[in-house]
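**Student:** Fold the following and give me the result.
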Amino acid sequence: MNRPRPPSDTGGGVPDRPSAVEQALADVLRAASGLHSQRALPVVASALQQLYGQAPVDAALLQLAEADMPEAMLTLGERHKEDDPRAALGWLQRAAALGSTGAIIWLGRAHRDAGRVTEAKTLFNEAAERGDAEALHELARLSLADGDTAKAAELLAASARLGSADRITT
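**Tutor:** Below you'll find the model as predicted:
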């Protein structure tokens, strides 16, 4: 199976010219990324994978990622975090650098889970400043862990106002 190349890899694995199926899949995925849901692209990619298999969907995502589409980079990173963590991290870092709040949050969680809370807070704050409710929720969880229940309540309320009332759990 060909895995997506990280942004710095110039090696082979994916032909220079996409097949007709890969191009059609890329067009569908591009349209899905235009929907008003951060989760639309991964859901559509997963559905297409059921029909066409992983390789052509990954090739289509790679085509979009190489065209600087942060949503495709985030999707590639999430899809390959287990089987190719190095490439996944490269795509997630590149998506974050292009402003993807989903990638910023993903990287913040990775820092948090590794015990690097200061770095996690910095990333969550960056996403929160862009109006991301999930980032506010993550900051609330960190405030609770620090014992600052007043700050956590304030952050959860702000998160709920932005539309993540269903995520108010710890």
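**Student:** all helices for the chain, in order.
**Tutor:** 20-33, 40-52, 54-66, 70-79, 85-97, 101-113, 117-129, 133-145, 149-161 (DSSP state H).
**Student:** In terms of pLDDT, where does the residue nearest the centre of the chain sit?
**Tutor:** Centroid check for the chain by CA atoms, centre = their mean gives residue 74 as the closest residue, at 3.5 Å. We have a pLDDT of 94 for residue 74.
**Student:** Now do the same contact list for it.
**Tutor:** Listed by CB atoms under 8 Å, 6 or more residues apart in numbering, the contact partners of residue 74 are 41, 42, 91, 92, 95, 100, 102, 103, 106. In this view, the C-beta of every residue, glycine as well, is placed from N, C-alpha and C.
**Student:** Identify, from those residues, the entry nearest to residue 78.
**Tutor:** Using CB to CB, residue 42 is the member of the contacts of residue 74 that sits closest to residue 78, with 6.3 Å.
**Student:** Correct me if wrong: the closest one contacts residue 75.
**Tutor:** Yes: at 4.9 Å, residue 42 and residue 75 qualify as touching, with contact defined as CB atoms under 8 Å.
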